[in-house]
Every structure is written in structure tokens, then in C-alpha cells.
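Undergrad: Could you work out the structure for the sequence below:
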Amino acid sequence: MKLFHLVLWRISLALIVVLSLWAGFFYMKIVDEVNDEVDDTLEDYSEGLIIRALSGEDMPASSNGSNNQYYLYEVSESYAMAHPQITYRDEMVFITEKDETEPARVLMTIFRTDDDRYMELVVYTPTIEKLDLLRAIFWWIVFLYILLLLIILLINVWVFRKNMKPLYTLLKWLDGYQLGNKNTPLENTTQITEFRRLNTAAIAYAERSEKLFEQQKLFIGNASHEMQTPLAICRNRLEMLMEDENLTEQQLNELMKTHQTLENLTRMNRSLLLLCKIENGQFADTHPVCLNEVLSRYLEDYKEVYAYRNISVTIEDGGKFCVDMNDSLVSVLVTNLLKNAFVHNIDGGFIHIRITPSLFEISNKGDKALDSERIFERFYQGQKKEGSTGLGLALVDSICKSNRLQIIYAYTEGRHVFTITRQE
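TA: This next block holds a predicted model:
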């Protein structure tokens, strides 16, 4: 989740809580204020009626033309002692003047006359509909929340775009940065201290990476040349020793094993050097090339090797699969897949190659599935195969990744299937 969306989400949740609490508090205060004003009016009206009742004056009509009404009746002493002298409450009453039932505020007062009788005076007056008030406040809160949320969203969009622009500029520069290539300098002027420090750290990191990258390329090149020379000398000396007619059969066998080990070491050294060059992006010279043509160029040579184990080859050509790639890498890609199909095949098996404009697929007969989680790891061989360095599929995977291709392995119906497609 982006920082911008996370901030807006948390602000929205906080607003819901704050506005809900505020709405409840506001509603209670409004109701308390209304009740206080109405209670004062009822007290004045009730006090006047009690004074007239105690002085023996004639009582006014229960409905005097206003919305205020009253009832005065005698109660027992036990009733008077069991109830409070003054009680306020809300209830629905029938308003004679309006001929309808409305919510009203009621004041009930119990008092004693001079002749020791107990009287209860019930005075009520229409008041606001609290449910309507609650609904009105709720909808106004909803409106206020939506309005505040929209305003906050607009303000946050403006603030983020204004203040976070240096960060997005830096991220864009880092996304386009490639080691070993000529990169545009970072132009990200800002007055924000944290972003200035981040720019400085990113530039320093890029410079260190460039320096280490150059040192690595130099080391790989030097190490490769330094190792190839003694390896070649050792092979030549062994070949000279193997030509000695005085060698016994056992000595010749040992020399042949040593020579084979040196051959494997030489191939491994070349493969590792090639892997490092691919990952370092040293094959920048690319042009459109079709795998169909490269396949036909090398397949004739491999057919002779396949014939040694009676492996048949079929090709399903449904179109040209073309990519932008370096010539050397295309050759390595195709030859390693052809070699892998031979190494992981069975005697009398088959190899089927399918090509369409969208994929290049090579499958072969196999006894059991390979470990799909580790098949492209360096030096992983599963069951040890003669002549394998464990780097062939690692090279294939590295070439695909560096050229926006994707290789997928599957084992279906007793076949190892390697499929190359373009990355979306």
C-alpha cells in the first residue's frame, strides 16, 4: 500500500471516531439546553397555578388557548409520601388545541394544602421531537463528514504532491539507473533536509556500486585469463605424457581421468565467467534474431550426438520466435537447452521442439521430474550426469532474465518441458 493511501485511510477512520463522539456530545448538549428552557417555563406556570390553588382563587381552564395544559387532582397521603415532590419526564400527550398527539415535557408536582390535603399538579407543554432532532443531527453529521473528507483528500493530494515530489523524482531516477551504463545525473533540488540527505546517500551508493562494478569486471577478466593459461598448459602436458609409449595401461587411464577433470574445470571456468558477464550487462550489443534460425544452425551437429543414444528429434514450426539479443547469448541459450534435452533423456527417447511467434518450447522423454524449485540454481544437478557442470540451466535462466524473457519448467506425461515466453 502506498504511503498516500495509508495516510488517507487512517485519517478517514480517525474522522469517523471523532465526528461520531462529537455528534453524540452535541446531541446531548442540545437536548439538555432545550429541556432546561422548557423546564423553567413549566416551573413558572406550575408555581402560578399552585399559588392560585392555595389562595382559593378560581383555577383557569385546563387549556387556556395556549399549548400549555394542566391537571390538578387530589392524591392520598401514602401516594404523596411514596413519590418525589417534583418530577420531569418526556411523553406523548394529546394537545387539545391542536387536536393531535405530540411529544411533550411534563412536570409533576405534589403539594399539601392548608387543610392537610395532598394535591398533584401535572403540567405539560409541547416540546421538540427528539427522534427528529437525532435524525437531523445524524444526516448533518454524515454531510459534514463527507464534506470534511473530500476537503481533507484534496488538501492531502496537494500536500503530498508538493512535498513528496523530491521522493518520487529520486525513485524514478533509481528505477532507471543501470550499472555500467551512462546514466543521467540526479537533478532533485529540494529544501527538505531529509530528502537532501536521501539524495546524497543515493548518489554515494550509486558511485560505490559503479566502482565495485568496475573492480568486479576487471577481476573477473583477469582471473579468467590467469586461470585459462595454466589450465591449457596442464592439458597440453598431459596430452604429451599420454603419447608416451612406455606408459602402462593403468597410468594411461589415470592420465585420461586427470585430463577429463581439467576439461570439466575449463568448461566450468568459462561458464562462470559467462554468467558474471551476463549479470553485469556486458552483452549490450543486441539486434533482432530468430531462434528458429539459430536452432537449425546447431541442431544438425547435435543430431549426431543424439543418434548415439537413439534419440529422435521432431520439430513443430508454427512461426518465427524473434527477440532482441546478443548473438553469443542466443547461441548459448539454444545449445544449452539442446544439451540439457540430451543429458536428461533416456536411451531410445525423443526430443520435441515447438516454435510459435509467442513461445519456444523444447521437451524430452524423462524418467522422473526434476526439482522445479532448484532446477535453475547454479551447480544443482539432481542425479549426477556425466559431463554436466551444473551451470547450463543457470546460464539459460540468467540469459532469459537479462533479455526480458521467462523460462518455465514442467514435467507432464513423462516429459521434461522447458518453455520460453516473453515477459509481459
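
Undergrad: Look up how far Trp173 lies from Arg235.
TA: Between Arg235 and Trp173 the computed distance is 49 Å (C-beta to C-beta, to the nearest Å). Any C-beta I mention is one placed from the backbone N, CA and C, and that applies to glycine too.

Undergrad: Those two: who's more crowded?
TA: Taking other C-beta atoms under 10 Å, Arg235 and Trp173 do not tie; Trp173 has more neighbours (19 against 16).

Undergrad: If we ignore the residues flanking it in sequence, what's nearest the more buried one?
TA: Counting by C-beta to C-beta, 6 or more residues apart in numbering, Leu186 is the residue found nearest to Trp173 once chain neighbours are left out, at 5.1 Å.

Undergrad: what's the neighbour count on the one you found?
TA: Leu186 has 16 nearby residues by other C-beta under 10 Å.

Undergrad: Could you check how far it is from Leu405?
TA: Distance, Leu186 to Leu405, using C-beta to C-beta: 31 Å.

Undergrad: what does Leu370 give?
TA: 20 Å.

Undergrad: and what of Met119?
TA: As defined by C-beta to C-beta, Met119 lies at a distance of 100 Å from Leu405.

Undergrad: Give the other helices and strands that the longest helix anywhere in the chain contacts.
TA: When the chain is parsed with DSSP state H, its longest helix is helix 3-55. Contacts defined by 3 or more C-beta pairs under 8 Å, 6 or more residues apart in numbering; DSSP states H and E place helix 3-55 against strand 69-75, strand 86-95, strand 100-112, strand 118-126, helix 130-163.

Undergrad: Now do the fourth one, average pLDDT.
TA: What it means is strand 118-126. Mean per-residue pLDDT for strand 118-126: 86.

Undergrad: got the angle between that strand and strand 100-112?
TA: 150 degrees (axes from the mean of the first three to the mean of the last three C-alpha atoms, to 10 degrees).

Undergrad: outside of strand 118-126, which residues touch it?
TA: Residues outside strand 118-126 that contact it (C-beta atoms under 8 Å, 6 or more residues apart in numbering) are 38, 41-42, 45-46, 49-50, 53, 67-77, 79-80, 91, 93, 95, 98, 102-113.

Undergrad: Just the buried ones among the residues you listed, please.
TA: Among those, those classed as buried by 16 or more other C-beta atoms under 10 Å are 38, 42, 45-46, 49-50, 53, 67-70, 72, 80, 93, 95, 104-111.

Undergrad: now the helices: where do they sit in the stretch 251-400 of the chain?
TA: Secondary structure of the stretch 251-400 of the chain (DSSP state H, counting those that start in this stretch): helices located at 291-307, 327-343, 392-402.

Undergrad: Tell me which residues of the first one come out buried.
TA: This means helix 291-307. So helix 291-307, judged by 16+ other C-beta under 10 Å, has buried residues Leu291, Asn292, Val294, Leu295, Leu299, Tyr302, Tyr306.

Undergrad: Against Val332, how distant is the fifth one?
TA: Right, the one you point to is Leu299. With distances taken as C-beta to C-beta, Leu299 is found 15 Å from Val332.

Undergrad: again, but for the first one
TA: Distance check for Leu291 against Val332: by C-beta to C-beta, it reads 12 Å.

Undergrad: go on, Val17?
TA: Taken as C-beta to C-beta, the span from Val17 to Val332 is 62 Å.

Undergrad: With Thr261 instead?
TA: Thr261 is 23 Å from Val332, by C-beta to C-beta.

Undergrad: of the two, who's got more company?
TA: Higher neighbour count among Thr261 and Val332: Val332, with 20 against 12, using other C-beta under 10 Å.

Undergrad: name the element Thr421 belongs to?
TA: Assessed by DSSP states H and E, Thr421 sits inside strand 415-422.

Undergrad: and the angle for that strand with helix 392-402?
TA: 20 degrees.

Undergrad: Which strands or helices does strand 415-422 pack on?
TA: helix 327-343, strand 359-365, strand 405-412.

Undergrad: how far does the second one sit from the chain's center?
TA: Between the mean C-alpha point of strand 359-365 and the mean C-alpha point of its chain there is a distance of 34 Å (C-alpha atoms, centre = their mean, to the nearest Å).

Undergrad: Walk me through the domains of the protein.
TA: Following the assignment in automatic domain parsing, the chain carries domains at 3-133, 194-279, 287-422.

Undergrad: returning to that earlier point: any chance of the buried residues of helix 291-307 in TSV, with pLDDT and distance to Ile155 too?
TA: Rendered in TSV, the data for the buried residues of helix 291-307 read as follows (pLDDT from 0 to 100; distance: C-beta to C-beta, whole Å):
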residue	pLDDT	distance to Ile155
Leu291	88	55
Asn292	87	59
Val294	87	59
Leu295	88	61
Leu299	85	66
Tyr302	83	67
Tyr306	86	71
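
Undergrad: any chance of those residues in a markdown table, plus distance to His352?
TA: Converted to a markdown table, the buried residues of helix 291-307 look like this (distance: C-beta to C-beta, whole Å):
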| residue | distance to His352 |
| --- | --- |
| Leu291 | 15 |
| Asn292 | 15 |
| Val294 | 18 |
| Leu295 | 13 |
| Leu299 | 13 |
| Tyr302 | 14 |
| Tyr306 | 12 |
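
Undergrad: and which of these is nearest Tyr409?
TA: Distances from Tyr409 to the buried residues of helix 291-307, taken as C-beta to C-beta, are shortest for Leu291 (17.7 Å).
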